[in-house]
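Colleague: any chance you can model this:
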Amino acid sequence: MRTVFFLVQKEFLQIFRNKTMLPLLLVMPVVQTLLLSYAANYEVKNLSLVVVDHDHSPTSRQLAAKLGASGYFHVNQLPTAAMADHEMANDRTDMILEIPSNFERDLVREGTAPLSLNANAINATKAGLGMGYAGNIIRDFNVEFAEKWAPRLSSEGAQQLNTSTPQPINVTYSNWYNPRLDYKTFMVPGILGEIVALIICFLTALNIVREREIGTIEQLNVTPLKKWQFILGKLLPFWLLSLVMMTIGLTVGKLVFDIPMLGSLGLVFAYTAVFTPCMLGLGFLISNFADSQQQAMFTAWFFLIIFILMCGLFTPVTSMPDWAQVLNKINPVAYFVEFMRLVLLKGAGFEDIKTNFYTVLCYAVSANALAVWTYRKRV
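Modeller: Numbering: from 1, shown residues only. Predicted coordinates for the structure are as follows:
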């Protein structure tokens with residue numbers, strides 16, 4: 001182990017002398033956590049809504065005002081449907097609400113009136129959320145109108161209103177684990193796991209290939225070092241730095257975003273200590289077959305982009321096709337993202353995540369064993 005200690009000391013000296021690596025390790029987690037937590041947001045607000053009002057009645061104006069006051073829509077008025085269609089065709093509006101003539105009269109007399117609501121569905125997520133927001137607002141407006149005008153409606157209109165408008169139901173909501181429905185509370189724990197995996201895998205692959213390019217790897221190969229000593233000496237510094245990165249990320253998450261930390265931080269660091277060798281082994285395995293830093297970078301990015309997109313950070317794993325869910329079982333980042341959310345947001349203990357923990361442990365042993373086996377020490 002004395003030999004490994006000197007190798008670790010040598011690696012830390014290289015890291016501290018490198019003017020780009022140390023800032024990458026210490027500054028990048030902070031910057032990425034801040035940027036991604038604000039940018040990776042599926043909340044849709046300020047949708048452009050064009051209202052074509054053919055009725056020009058107090059009721060139609062109240063409906064348009066209610067949509068604008070919700071905070072989800074930026075409402076514009078246009079006189080004709082053709083002009084509104086032209087705006088949507090040129091991608092200058094997201095939705096069109098067309099209010100027909102005699103809208104208020106039909107509501108008062110008959111208790112029902114049609115509305116036309118069209119959405120630009122090129123962006124399916126924005127269109128679906130926009131239609132959902134507008135539908136809920138119109139439904140609330142319908143209930144308010146019924147309560148206000150029911151005594152003045154004609155008998156036919158009242159009967160129609162009673163049959164077409166459901167009676168209001170009072171629902172009491174209780175939001176567990178994220179009471180404020182803050183999207184950043186959901187994203188930050190997953191982003192921390194993704195950042196650690198990304199940086200550690202990249203740096204491990206590039207660090208070893210760089211030594212091969214500048215020739216220092218050959219000087220180590222002619223020494224009586226054993227393969228496991230060399231690999232352990234190479235990976236241990238980055239393993240320690242991953243714990244530092246996690247500390248920085250958790251500090252930023254708490255101070256800036258006030259994310260809850262309901263679970264044990266000791267369990268978080270223990271899991272990080274087991275997870276990091278997965279990415280270290282993968283990076284070392286890539287470096288064994290890469291001839292240049294550029295080749296190692298592109299190979300690492302090929303795997304990491306798949307891991308990140310399929311890990312459940314942006315899209316729920318259960319929403320993926322069956323074959324993707326099966327493939328995701330060999331995705332180490334998916335286990336880390338799931339673990340971070342379970343422990344930090346739900347306060348899960350070891351019994352709740354032990355299957356996840358042992359799976360990642362097996363993954364780490366397999367990846368590093370394969371890296372050691374494929375490394376060829378040339379004398």
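Colleague: show me how far the one helix or strand Ala65 maps to is from its chain's centre.
Modeller: Assessed by DSSP states H and E, Ala65 sits inside helix 58-69. Here the centre of helix 58-69 is set off from its chain's centre by 35 Å, with C-alpha atoms, centre = their mean, to the nearest Å.
Colleague: how about residues contacting that helix?
Modeller: By C-beta atoms under 8 Å, 6 or more residues apart in numbering, the residues outside helix 58-69 that reach it are 49, 51, 53, 73-75, 77, 97, 99, 103-104, 107, 134, 137-138, 140-141, 145. C-betas here are computed from N, CA, C, even on glycine.
Colleague: ok, Asn331 touching Met310?
Modeller: Yes: applying C-beta atoms under 8 Å, one finds Asn331 in contact with Met310, separated by 5.7 Å.
Colleague: all strands for this protein, in order.
Modeller: Remark: strands assigned in the chain by DSSP state E are 47-53, 73-77, 95-99, 116-119.
Colleague: out of those, nearest to Leu225?
Modeller: For those, proximity to Leu225 was assessed by C-beta to C-beta; strand 47-53 is nearest, at 62.0 Å.
Colleague: which strands or helices does that closest one pack on?
Modeller: With contacts taken as 3 or more C-beta pairs under 8 Å, 6 or more residues apart in numbering; DSSP states H and E, strand 47-53 sits against helix 58-69, strand 73-77, helix 81-89, strand 95-99, helix 124-149.
Colleague: gap between the third one and the chain center?
Modeller: Right, helix 81-89. 34 Å.
Colleague: list the buried ones in it?
Modeller: Across helix 81-89, burial judged by 16 or more other C-beta atoms under 10 Å covers Ala84, Asp85, Glu87, Met88.
Colleague: in CSV: the residues you listed, plus pLDDT.
Modeller: Output for the buried residues of helix 81-89, formatted as CSV (pLDDT from 0 to 100):
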residue, pLDDT
Ala84, 91
Asp85, 91
Glu87, 90
Met88, 89
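Colleague: helices along the stretch 101-250 of the chain, start to end?
Modeller: 103-110, 124-149, 155-164, 183-214, 216-221, 227-257 (DSSP state H, counting those that start in this stretch).
Colleague: show me how this structure divides into domains.
Modeller: Domain ranges of the chain: 2-40+179-374, 47-164, per automatic domain parsing.
Colleague: follow-up on the earlier one: going by mean pLDDT, which of the helices of the stretch 101-250 of the chain comes out lowest?
Modeller: Lowest mean pLDDT within the helices of the stretch 101-250 of the chain: helix 155-164, at a mean of 50.
Colleague: what residues are up against the residue lying closest to Met245 once chain neighbours are set aside?
Modeller: Counting by C-beta to C-beta, 6 or more residues apart in numbering, Pro29 is the residue found nearest to Met245 once chain neighbours are left out, at 4.9 Å. By C-beta under 8 Å, 6+ apart, Pro29 lies in contact with Leu192, Ile195, Val196, Ile199, Met245, Ile248, Gly249, Val252.
Colleague: now, among these, which is nearest to Thr93?
Modeller: Taking C-beta to C-beta as the measure, Ile195 is the one of those closest to Thr93, at 37.0 Å.
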